[in-house]
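1. Prediction below, plus the sequence it came from.
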Amino acid sequence: MERSVLRRRALAACTATVAVGALALAGLTGTASADPSPASPASPASPAAPVAGADRLSPGLIEAMRRDLGLTADGARARIGAESRAAAAAAGLRHSLGTGFGGARVSGDAAELTVATTDAADTARITEAGARAVVVAHSLAELTSAKAALDRVARQRPPKDVPAWYVDVRTNRVVVEVGRSAAAESFLAAAGVERELVTVSQSAGAPRTFADLRGGDAYYMNGTGRCSIGFPVKRGTQGGFVSAGHCGTPGVSTSGYNQQAQGSFQGSTFPGRDYSWVAANTGWTPRPLVNGYGNGDVTVTGSTEALEGSSVCRSGSTTGWHCGTVQQRNSSVTYQEGTVSGVTRTNVCAEPGDSGGSFISGSQAQGVTSGGTGNCSQGGTTYFQPVNPALQAYGLTLVTSGTPTDPPTDPTDPPTDPGGSWAAGTVYAAGDVVTYGSGNYRCLQGHQAQPGWTPPNVPALWQAL
């Protein structure tokens with residue numbers, strides 16, 4: 001019944017058929033990000049350490065955090081700053097703990113950091129870094145491997161009565177949501193996943209893609225169906241944006257919110273993942289902004305991933321700004337069109353028309369709205385496609401407040417490691433200095449390094465000293 005209502009609402013808003021068919025009208029509809037392992041153990045940032053963009057948060061985002069999380073403006077800024085510092089500390093511990101790392105999460109407005117390990121001898125190191133230590137039975141790598149096995153089975157044949165599955169660092173298990181218990185057992189058996197790694201959870205919800213898309217600004221596919229811009233990007237000197245993969249296939253033309261010619265899809269993946277990128281013509285200039293719905297646009301300063309438990313807010317055309325927390329990263333969800341893996345599960349609400357909208361934590365881009373269950377009257381679950389894997393897949397650079405005018409094409413395939421302190425997965429802030437091979441480089445804009453984004457290869461991010 002719910003699905004048919006959504007379909008009628010979608011068709012009422014946009015009845016034309018486009019090249020991508022039902023996907024374009026089905027609206028909201030991930031890959032795990034790079035392993036954040038720094039080259040050397042990082043110390044927790046000082047509580048007084050500044051957080052990029054914390055003083056320039058959108059009034060709309062602040063208001064949504066007040067409404068949904070019960071925070072004052074100062075409280076919202078403080079929480080975002082604490083979460084950013086916790087993410088940096090967790091990245092250092094992930095590296096130093098190695099294969100014993102069991103995951104990290106934050107809790108509460110103070111973003112208290114908890115780090116899990118399979119080795120009790122590591123608890124002192126975790127405590128010294130300012131985090132709470134928890135000893136668990138399974139490493140994050142073990143749980144991630146089990147989930148990957150489930151993903152491989154789902155790519156061949158999306159499971160029936162299994163709407164979602166994900167790694168839950170809080171319970172140290174892979175959680176499989178099912179409509180029938182028998183569906184979970186057959187799914188696990190097909191993937192060869194040990195039952196002791198899994199918690200089966202009953203779920204009555206059926207995730208669906210949300211209809212009539214818009215995030216920050218609207219765009220139209222072939223002049224008819226509508227989607228939303230996720231985040232503006234560049235590929236060399238070519239400007240454009242990332243969006244949801246279900247919005248269009250390569251070659252589909254786009255027009256902007258004003259119905260003027262805009263560009264065309266260059267790459268798209270859905271199902272499996274849910275990302276795409278559109279190259280825009282010279283009449284459109286990418287800006288590091290997310291639509292603020294009359295409350296001031298949000299300036300994007302980077303794309304550092306938020307930890308489980310962190311606050312996150314979504315901008316969408318139907319319900320505006322709504323906030324909640326990151327529940328589990330690297331989740332999988334089955335829509336009618338197939339299974340999508342690598343998405344992030346949140347308790348932020350969304351409704352038809354919010355599809356493709358920007359998910360952001362503070363000033364850090366997180367991803368684009370994919371799909372989910374529920375609504376903003378009763379609450380629900382929404383998944384977003386992380387933005388970093390999309391950037392990596394298509395060799396794109398996120399447009400931020402510190403983006404140079406003409407960044408080069410990046411990234412390329414990772415070369416043989418020449419040594420140095422630079423490492424993929426590390427969170428770098430503007431001004432950080434690293435070594436790579438025999439050279440020294442200064443970071444020009446905050447980002448989380450991806451494989452191939454080596455300092456010599458991306459002068460948009462690094463300046464040789």
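-> That came through, no problem. Residues are numbered from 1 along each chain as shown.
2. okay, CA-based contacts and neighbour counts for the rest of this
-> Noted.
3. What strand or helix carries residue 263?
-> Residue 263 belongs to strand 261-269 when elements are defined using DSSP states H and E.
4. How about residue 240?
-> Using DSSP H and E, residue 240 falls in strand 238-243.
5. thinking again about what came up before, the strand holding residue 263 versus strand 238-243: what angle between them?
-> Between the axes of strand 261-269 and strand 238-243, defined by axes from the mean of the first three to the mean of the last three C-alpha atoms, to 10 degrees, the angle is 60 degrees.
6. And the residue nearest the centre of this protein?
-> Most central in the chain under C-alpha atoms, centre = their mean is residue 386, positioned 2.3 Å from the mean C-alpha point.
7. what's the spacing between that residue and residue 437?
-> With the distance defined as C-alpha to C-alpha, to the nearest Å, residue 386 ends up 30 Å from residue 437.
8. quick one: average confidence on stretch 397-411?
-> Average pLDDT, stretch 397-411: 58.
9. swap in stretch 277-284?
-> Rounded mean pLDDT across stretch 277-284 is 87.
10. what does it rub up against?
-> The contact list for stretch 277-284, computed with C-alpha atoms under 8 Å, 6 or more residues apart in numbering, reads 238-243, 261-268, 394.
11. Would you pull up how far it lies from the middle of the chain?
-> Distance of stretch 277-284 from the chain centroid (C-alpha atoms, centre = their mean, to the nearest Å) equals 23 Å.
12. List the buried residues of it.
-> 277-280 (16 or more other C-alpha atoms under 10 Å).
13. how about the residues you listed in TSV, adding distance to residue 196 and secondary structure?
-> TSV is the format used below for the buried residues of stretch 277-284 (distance: C-alpha to C-alpha, whole Å; DSSP: H, G, I helix; E, B strand; the rest coil):
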residue	distance to residue 196	secondary structure
277	40	strand
278	43	strand
279	46	strand
280	49	strand
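14. ok, of those residues, which one's closest to residue 166?
-> Using C-alpha to C-alpha, residue 277 comes nearest to residue 166 of those, at 25.9 Å.
15. Look up the closest residue to the closest one, ignoring the ones flanking it.
-> Take residue 277 and drop its neighbours on the chain: the residue closest to it by C-alpha to C-alpha, 6 or more residues apart in numbering is residue 242, 4.3 Å away.
16. now stretch 223-241: how far from the chain's centre is it?
-> That offset, for stretch 223-241, works out to 17 Å (C-alpha atoms, centre = their mean).
17. What strands line up against the strand holding residue 263, and which way round?
-> Partners of strand 261-269 in the sheet, by DSSP bridges, are strand 253-255 (antiparallel), strand 275-280 (antiparallel).
18. I'd like the average pLDDT over it.
-> Computed over strand 261-269, the average pLDDT equals 92.
19. For residue 141, what is the enclosing helix or strand?
-> Going by DSSP H and E, residue 141 is part of helix 140-156.
20. Quick one: list the elements packing against the strand ranked longest in the chain.
-> Longest strand in the chain, counting residues (DSSP state E): strand 320-335. Contact here means 3 or more C-alpha pairs under 8 Å, 6 or more residues apart in numbering; DSSP states H and E; on that basis strand 320-335 packs against helix 59-69, strand 164-168, strand 311-316, strand 338-346.
21. Identify all contacting residues around the third one.
-> Contacts made with strand 311-316 from outside it, assessed by C-alpha under 8 Å, 6+ apart, are listed as 61, 64-65, 80, 214-216, 290-292, 320-326, 348, 350, 353-362, 369.
22. Identify the bridge partners of residue 202.
-> Residues in beta-bridge contact with residue 202 (DSSP bridges): residue 178.
23. Any figure for the gap between it and residue 341?
-> 20 Å.
24. Isn't residue 358 up against residue 292?
-> No. Assessed by C-alpha atoms under 8 Å, residue 358 is found out of contact with residue 292, at 10.7 Å.
25. my read: residue 103 touches residue 116, true?
-> Yes. Using C-alpha under 8 Å, residue 103 is in contact with residue 116, at 5.4 Å.
26. And these two? Which one has more around it.
-> residue 116 (31 against 26; other C-alpha atoms under 10 Å).
27. And the more buried one, which helix or strand is it part of?
-> strand 112-117.
28. Is residue 185 in a helix, a strand, or coil?
-> helix (DSSP: H, G, I helix; E, B strand; the rest coil).
29. got the contact list for residue 207?
-> So residue 207 contacts 163, 333-335, 371-373 (C-alpha under 8 Å, 6+ apart).
30. go with 7 Å
-> 163, 334-335, 371-373 (C-alpha atoms under 7 Å, 6 or more residues apart in numbering).
31. Check which helices and strands the helix holding residue 141 sits against.
-> strand 101-107, strand 164-168, strand 173-178, helix 181-191, strand 338-346 (3 or more C-alpha pairs under 7 Å, 6 or more residues apart in numbering; DSSP states H and E).
32. What's the mean pLDDT across it?
-> 94.
33. contacts for that helix?
-> Contacts for helix 140-156 (C-alpha under 7 Å, 6+ apart): 101-103, 166-167, 173-174, 190-191, 193, 272, 339, 341.
34. quick revisit: which one of the contacts of stretch 277-284 sits in the busiest neighbourhood?
-> residue 243 (32 neighbours).
35. Tell me where the stretch 1-150 of the chain has helices.
-> Secondary structure of the stretch 1-150 of the chain (DSSP state H, counting those that start in this stretch): helices at 2-13, 22-26, 59-69, 73-97, 123-128, 140-156.
36. which of the ones you listed sits most buried?
-> helix 22-26 (a mean of 25; mean count of other C-alpha atoms under 10 Å).
37. Low-confidence ranges, the stretch 51-200 of the chain, go.
-> Along the stretch 51-200 of the chain, the model assigns pLDDT under 70 to residues 51-56.
38. repeat that for 50
-> Across the stretch 51-200 of the chain, the ranges flagged by pLDDT under 50 are 52.
39. got the residue ranges for the helices in the stretch 301-450 of the chain?
-> Under DSSP H, counting those that start in this stretch, the stretch 301-450 of the chain gives helices at 387-394.
40. quick one, phi psi at the residue nearest to residue 75 when sequence neighbours are not counted?
-> Leaving aside its sequence neighbours, residue 75 sits nearest to residue 109 (C-alpha to C-alpha, 6+ apart; 7.6 Å). The phi and psi values for residue 109, taken as degrees, to the nearest 10, are phi -70, psi -30.
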